[in-house]
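prediction below, plus the sequence it came from.
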Amino acid sequence: IPTAIFDDSQTASLAVAQEIAETIRNKAKKGEPCVLGLATGSTPVKVYEELVRLHREEELSFQNVVTFNLDEYFPIEPDSLQSYVRFMHEHLFDHINIPKDQIHIPDGTLDEEKVEQYCQQYEKKIKSAGGIDIQILGIGKTGHIGFNEPGSRKDSKTRLITLDKVTRTDAASSFFGEEYVPRRAITMGVGTILKAKRIFLMAWGEGKAPIIREAVEGEITETVPATYLQEHPNAAVILDEAAAEQLT
Ligand code: F6R
């Protein structure tokens, strides 16, 4: 899997934002929508910052952009501090000219018996939008992509999952205690992610170095869902020096 190592996360994020901007502009010229698969968490924050800057200072328009977020806690209210709806509006959507009806984020407020059908519709919406042109991903300590925890199958689709204990511990501080972290989440599947035409897996800092080594150099296994990306024809791993330090 092609791996690019940058001096720092800032430089790396600019490069990713640049490729996203180019794709948006090329598609706009052809009168086509550009479909982006988006992640939350700390990793993509600088990419979003740069996209906002490109919108404000370099006339990058998001009129033709359609977005699908990877995941959302379940259950969660959209206005709660930790919701991914709130995160995406604060970091990106409130600052660009994307039409509201072109934004899709899994709904953490559904009645449980409606979730399965909702997930099937989410898959259909991605398909009818033309499929994801660029998917950006972070990686969890468990090797999850989206919230596809260890044990997720390669052909998994959007669904309700149970979060790994490690993932809930990692989220504890933002929820002010592990007991307040939701036990479940809705996530796009591994299969959903692998259908994207282009994928960027980003990771920063030495804390991610061990799992990056496994994801990039380990054998492909459901125990580390990020290893499935090795089989994608057009995925790239984007790292800073610290996240790359355990690669051989
Ligand atoms: C978030 C997501 C997760 C994160 C991962 C890394 O939408 O899908 O897979 O990308 O947990 O989180 P950070 O970036 O906070 O280290």
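Noted; the coordinates are in hand.

what's the first helix or strand after the longest helix anywhere in the chain?
Longest helix in the chain by number of residues (criterion: DSSP state H): helix 9-29. Scanning forward in sequence from helix 9-29 by DSSP states H and E, the next helix or strand is strand 34-38.

can you list the residues of the protein near the ligand?
Contacts of the chain with the ligand, taken as C-beta under 6 Å from any ligand atom, map to 39-43, 70-71, 138-140, 144-147. Just so you know, the C-beta spots here come from the backbone N, C-alpha and C atoms, and that holds for glycine as well.

report the buried members of those.
The neighbour count (16 or more other C-beta atoms under 10 Å) marks 39-41, 43, 70-71, 138-140, 144-147 as buried among those.

which among the residues of the chain next to the ligand gets closest to residue 211?
Using C-beta to C-beta, residue 139 is the member of the residues of the chain next to the ligand that sits closest to residue 211, with 5.9 Å.

now do the SS call for the closest one.
Three-state assignment for residue 139 (DSSP: H, G, I helix; E, B strand; the rest coil): coil.

check contacts around it.
With contact set as C-beta atoms under 8 Å, 6 or more residues apart in numbering, residue 139 has these partners: 43, 145, 201, 203, 208, 211, 212, 215, 226.

with respect to residue 237, which of these is nearest?
After measuring these against residue 237 - C-beta to C-beta - the closest member comes out as residue 201, at 4.9 Å.

what lines up beside the helix or strand harbouring that closest one in the sheet?
In the assignment (DSSP H and E), residue 201 maps to strand 198-203. Applying DSSP bridges, strand 198-203 is found paired with strand 134-137 (parallel), strand 235-240 (parallel).

got CSV for those strands, with mean neighbour count and mean pLDDT too?
As requested, the strands paired with strand 198-203 are exported to CSV (neighbours: other C-beta atoms under 10 Å; pLDDT from 0 to 100):
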stretch, mean neighbour count, mean pLDDT
strand 134-137, 24, 99
strand 235-240, 22, 98
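
residue 158 is nearest to which of those?
strand 134-137 (13.4 Å).

against which helices or strands is the following helix or strand past that closest one packed?
Next helix or strand after strand 134-137 toward the C-terminus (DSSP H and E): strand 159-162. Judged by 3 or more C-beta pairs under 8 Å, 6 or more residues apart in numbering; DSSP states H and E, strand 159-162 is in contact with helix 115-128, strand 184-187.

could you point out the helix or strand that follows strand 159-162?
Immediately after strand 159-162, counting by DSSP H and E, sits helix 165-171.

what's the neighbour count on residue 216?
Residues contacting residue 216 under the criterion other C-beta atoms under 10 Å number 22.

let me redo that: residue 234
Using other C-beta under 10 Å, residue 234 has 10 other residues around it.

separation between it and the ligand?
19 Å (C-beta to the nearest ligand atom, to the nearest Å).

list the contacts of that residue.
Taking C-beta under 8 Å, 6+ apart as the test, what residue 234 contacts is 197, 198, 199.

just to revisit the earlier point, give me the contacts around the longest helix of the chain.
Applying C-beta under 8 Å, 6+ apart, the contact partners of helix 9-29 are 4, 6, 33-34, 36, 44, 46-47, 49-51, 54, 60-65, 133-134, 136, 198, 200, 202, 204-205, 238-240.

would you mark the buried spots in that helix?
So, applying 16+ other C-beta under 10 Å, buried residues of helix 9-29: 9, 12, 13, 14, 16, 17, 20, 21, 23, 24, 27, 28.

quick one: those residues as CSV, columns for pLDDT too.
As requested, the buried residues of helix 9-29 are exported to CSV (pLDDT from 0 to 100):
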residue, pLDDT
9, 98
12, 98
13, 99
14, 98
16, 98
17, 99
20, 98
21, 98
23, 98
24, 98
27, 98
28, 98
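
the residues you listed: which two are farthest apart?
Within those (distances taken as C-beta to C-beta), the two that end up farthest apart are 9 and 28, at 28.0 Å.
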